[in-house]
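Trainee: Kindly generate the corresponding structure for this input.
(one chain, ligands or ions: 2)
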Amino acid sequence: MTSDALTLPKAELHLHVEGTLEPDLAFALAVRNGVDLPFASVEELRAAYRFTDLQSFLDLYYACMDVLRTREDFRDLAAAYLRRAAAEGVRHVELFFDAQAHTARGVPYADVIGGLQDALDAAAHLGVTGGLILCFLRDAPVEEAEEVWAEARTRPEALLGVGLDSAEVGNPAGRFAPIYAEARALGLHAVAHAGEEGGPEYVWDALRELGAERIDHGIRSLEDPELVRHLAEHGIPLTVCPFSNVRLRAVDRLADHPLPAMLAAGLHVTVNSDDPAYFGGYAGENLEAVAEEFGLSAAELGLLARNSVTASFASAERKGELLAEIERWEGARPRE
Ligand code: ADE
Ligand code: ZN
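Mentor: Ligands and ions are numbered 1, 2, ... in the order given. Modelled structure (predicted):
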């Protein structure tokens, strides 16, 4: 990729670190840990990347995670992602991780966050800053979330915030309200997936029940004009993932994606990659594709990049640095 989207400085705010597990690394870790993957080869695994909806993806996503066993595995996974992201202009990243999917397999929570933090610390050399967002699995018993939270809450400084992911429809957010209330009281940020497959009521729920500051996806918000007004008025960011929405059939084709309508409605939209190893592209490729599909100008790309920085949980100082970098990027481009 040689386009502007590659060099544009930006923040990645919707990225499941387990969704960056490329097939080559999955097989390397399977060998290292003596784990049997249910696929004979990298090619066979890649051939399974044909999804009909969110659940069909989640089934494969959780199966592949079985190769992640040790602190080194989590470090290597995140380090590979951070190298790739840095090469695509990502300058700040807030990594989601699914702790329960690992602790339920006997992997200690400390090894998960330890390995991820090792990689983030090393990424300082790449000029990338970031932090961790612990996501609860909304389709698992709430007791499981409480169990992992009981450990996480003893060292909240290891986290930027908490999030909610996995199968949305039929799994309302309200059950997680007490955990979120505690997390917010500890000074953690609150985000939640909503309005990906579920309707606008799931977005309202995330806002009202969880106090979510950012909504992950949120594409179905457009179905409720009052919600759109609320999101716009309060500047609540929506971390949109175009490739994910196409691959999980939330929209038929990229051309049908609501991103332009969301921008036109005055929503604080950012472009992200969700699970890039599975969906065909990282932050740069997602931006490049929407720029091409919708004919976005350099100024519109700049707006998306600024949105990603202002929606981030980076320090005010770091935000200032990144906004200045974006301004320099814009200044180096001819005005249309
Ligand atoms: N976990 C990983 N990717 C996800 C997505 N797109 N929606 C919900 N949960 C997820
Ligand atoms: Zn997601």
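
Trainee: could you pull out the strands for the stretch 1-150 of the chain?
Mentor: Assigned by DSSP state E, counting those that start in this stretch, the stretch 1-150 of the chain shows strands spanning 10-16, 90-97, 129-137.

Trainee: among these, which is nearest ligand 1?
Mentor: Proximity of the strands of the stretch 1-150 of the chain to ligand 1 was assessed by CB to the nearest ligand atom; the nearest stretch is strand 10-16, lying at 4.2 Å. The way it works is simple: take the backbone N, C-alpha and C, and place the C-beta from them, glycine included.

Trainee: Would you mind listing what in the stretch 151-300 of the chain touches ligand 1?
Mentor: For the stretch 151-300 of the chain, the residues in contact with ligand 1 under the definition CB under 6 Å from any ligand atom are 165, 166, 193, 196, 244, 274, 275.

Trainee: Can you get me a residue count around the third one?
Mentor: Counted with other CB atoms under 10 Å, the neighbours of residue 193 add up to 30.

Trainee: so it is in which element?
Mentor: Here residue 193 sits within strand 189-194, counting by DSSP states H and E.

Trainee: How about the contacts made by the residue in the stretch 151-300 of the chain that ligand 1 sits nearest to?
Mentor: The minimum distance from the stretch 151-300 of the chain to ligand 1, using CB to the nearest ligand atom, falls at residue 165 (3.5 Å). If a contact means CB atoms under 8 Å, 6 or more residues apart in numbering, then residue 165 has 16, 96, 98, 135, 136, 137, 138, 193, 216 as its contacts.

Trainee: Let me know the distance separating it from residue 217.
Mentor: In this view, residue 165 and residue 217 are 10 Å apart by CB to CB, to the nearest Å.

Trainee: and what of residue 273?
Mentor: Using CB to CB, one obtains 12 Å as the distance from residue 273 to residue 217.

Trainee: Could you name every residue contacting both of the two?
Mentor: Between them, residue 273 and residue 217 have 14, 241, 244 as joint contacts when contacts are counted by CB under 8 Å, 6+ apart.

Trainee: now the helices for the stretch 1-150 of the chain?
Mentor: 4-7, 23-33, 42-47, 54-64, 71-87, 99-103, 109-122, 142-152 (DSSP state H, counting those that start in this stretch).

Trainee: Mean pLDDT for those - can I get that in a markdown table?
Mentor: Output for the helices of the stretch 1-150 of the chain, formatted as a markdown table (pLDDT from 0 to 100):
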| stretch | mean pLDDT |
| --- | --- |
| helix 4-7 | 88 |
| helix 23-33 | 98 |
| helix 42-47 | 96 |
| helix 54-64 | 98 |
| helix 71-87 | 98 |
| helix 99-103 | 98 |
| helix 109-122 | 98 |
| helix 142-152 | 98 |
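
Trainee: Adding mean neighbour count, write the ones you listed out as CSV.
Mentor: Shown next, in CSV, are these (neighbours: other CB atoms under 10 Å):
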stretch, mean neighbour count
helix 4-7, 19
helix 23-33, 17
helix 42-47, 13
helix 54-64, 18
helix 71-87, 20
helix 99-103, 21
helix 109-122, 19
helix 142-152, 17
